[in-house]
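S.K.: Here you go, sequence then predicted model.
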Amino acid sequence: MSDAKIIVHGGAGTIRPRLWAAYRDGAHVAAGIGQQVLNRGGSALDAVIEAVVNMEDNPVFNCGTGSCLTYDGRVECDAFVMTSDLRVGAVSIVTNLRNPVRLARVVMEQTVHHVIAGEATNRLADAHAIEKIDPHALIVDRRRRRWQEMMDRGLEFMVDPELEASDDPADLTDEDAMDTVGACAVDREGRVAVAGSTGGIMLKYPGRVGDTPMPGAGNYAGPAGAVACTGHGEAIMRVCLAKYCYDLLEQGVPVAEAASRSISHLTERVQGFAGLIAIDAHGNRAWATSTPNIPVGIPERVIDDSSGQHPA
Ligand code: GLY
């Protein structure tokens, strides 16, 4: 029997002080929901799914309801799930589901494939009675206002010249939507799982696929533990950040050191902005980020200081 544990994150970037409590508390609540599943003897898979569903329904986070918008003003979501026996499922360019992570689970459990994208996700959702939603209902005022502001400034495809030119992570704000969510858990049986969900990045080109649904890029799980990343997907995928961190866990590197070494690797190789959470098979948890904030949730206490690198 293992100690059943969970850790969640609500994105990486610079969160404006007026919004910090909503992110911090949202992550804490989601972790508590996942922990309840674990305490009832539920699986790590069920725990991470329920935690992420809660965040998809919380309009604060950039996933499900509250997702950021493409260049043409629509929501396109990505989601992912993976377990320690290397089962994996993901969806991308999902436009009309309330909880894309539930369809990622369908891909993992009900198909012979691992990633399904675009229009076909509609048919798969219908075939498995996954809840649809009016795409307009996924758009919240805060994101619409930010989208309009960026369009008025003539920005294109999230290639914000000011942002790209900046080497200061404080220039990335929550309004620029790096706030992908993720959860990692280990259950009483020692099974590990990870789940992630995101609206991607603001002003992304329609059809853009981020790191979240790419196994090993934004998320990874195996017998040694699980890793969930958040941040600029184009940077994360270039170093396969989640698998990089996972491999350190498999080599026996302590989880806090694995997390911080992975973020250093990202910074050295591609100067990327990102954060991650990780759990090992014994339930030891940590997070690290190259950005000023990453709201991290664990059930035991509210985490108010979530910059830098920490064991949880
Ligand atoms: N990390 C989320 C994305 O870039 O799509």
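M.R.: Alright, I've got the coordinates. Numbers count the residues shown, from 1 in each chain.
S.K.: now the strands: where do they sit in the chain?
M.R.: For the chain, the strands defined by DSSP state E cover 5-9, 77-83, 88-94, 115-117, 181-186, 192-198, 219-222, 225-231, 274-280, 285-289, 296-297, 309-311.
S.K.: Adding mean pLDDT, distance to residue 106 and mean neighbour count, write these out as CSV.
M.R.: (Each C-beta comes from the backbone N, C-alpha and C, glycine too.) Output for the strands of the chain, formatted as CSV (pLDDT from 0 to 100; distance: least, Cβ to Cβ, whole Å; neighbours: other Cβ atoms under 10 Å):
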stretch, mean pLDDT, distance to residue 106, mean neighbour count
strand 5-9, 98, 22, 30
strand 77-83, 98, 10, 31
strand 88-94, 98, 7, 26
strand 115-117, 98, 9, 19
strand 181-186, 98, 18, 33
strand 192-198, 98, 13, 32
strand 219-222, 98, 17, 29
strand 225-231, 97, 20, 32
strand 274-280, 97, 24, 30
strand 285-289, 95, 28, 27
strand 296-297, 96, 26, 28
strand 309-311, 63, 34, 17
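S.K.: Looking at the ones you listed, which is nearest to residue 52?
M.R.: Closest of the strands of the chain to residue 52 is strand 192-198, at 4.5 Å (criterion: Cβ to Cβ).
S.K.: So which residues on the stretch 151-300 of the chain come close to the ligand?
M.R.: 180, 198, 200-201, 210-212, 218, 230-233 (Cβ under 6 Å from any ligand atom).
S.K.: again, only using 5 Å
M.R.: 180, 198, 200-201, 210, 233 (Cβ under 5 Å from any ligand atom).
S.K.: Now render these as TSV, adding distance to residue 84.
M.R.: Converted to TSV, those look like this (distance: Cβ to Cβ, whole Å):
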residue	distance to residue 84
180	22
198	22
200	27
201	29
210	24
233	24
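S.K.: Show me the shaky parts of the stretch 1-150 of the chain.
M.R.: Confidence mapping of the stretch 1-150 of the chain against pLDDT under 70 gives the ranges 1-2.
S.K.: Name the residue of it that lies nearest to the ligand.
M.R.: Closest to the ligand within the stretch 1-150 of the chain is residue 78: 6.3 Å, counting by Cβ to the nearest ligand atom.
S.K.: quick one: contacts for that residue?
M.R.: The neighbourhood of residue 78, defined by Cβ atoms under 8 Å, 6 or more residues apart in numbering, consists of 90-94, 100, 197-198, 200, 209-210, 212-213.
S.K.: Any figure for the gap between it and residue 104?
M.R.: Per Cβ to Cβ, to the nearest Å, residue 78 is found 9 Å from residue 104.
S.K.: what touches both of these two?
M.R.: Counting by Cβ under 8 Å, 6+ apart, the contacts common to residue 78 and residue 104 are 90-91, 197, 213.
S.K.: Nearest to residue 241 among the residues you listed?
M.R.: For the shared contacts of residue 78 and residue 104, the nearest to residue 241 is residue 213 (14.2 Å; Cβ to Cβ).
S.K.: Report the spatially nearest residue to the closest one, omitting neighbours in sequence.
M.R.: Nearest non-adjacent residue to residue 213, counting by Cβ to Cβ, 6 or more residues apart in numbering: residue 90, 3.6 Å away.
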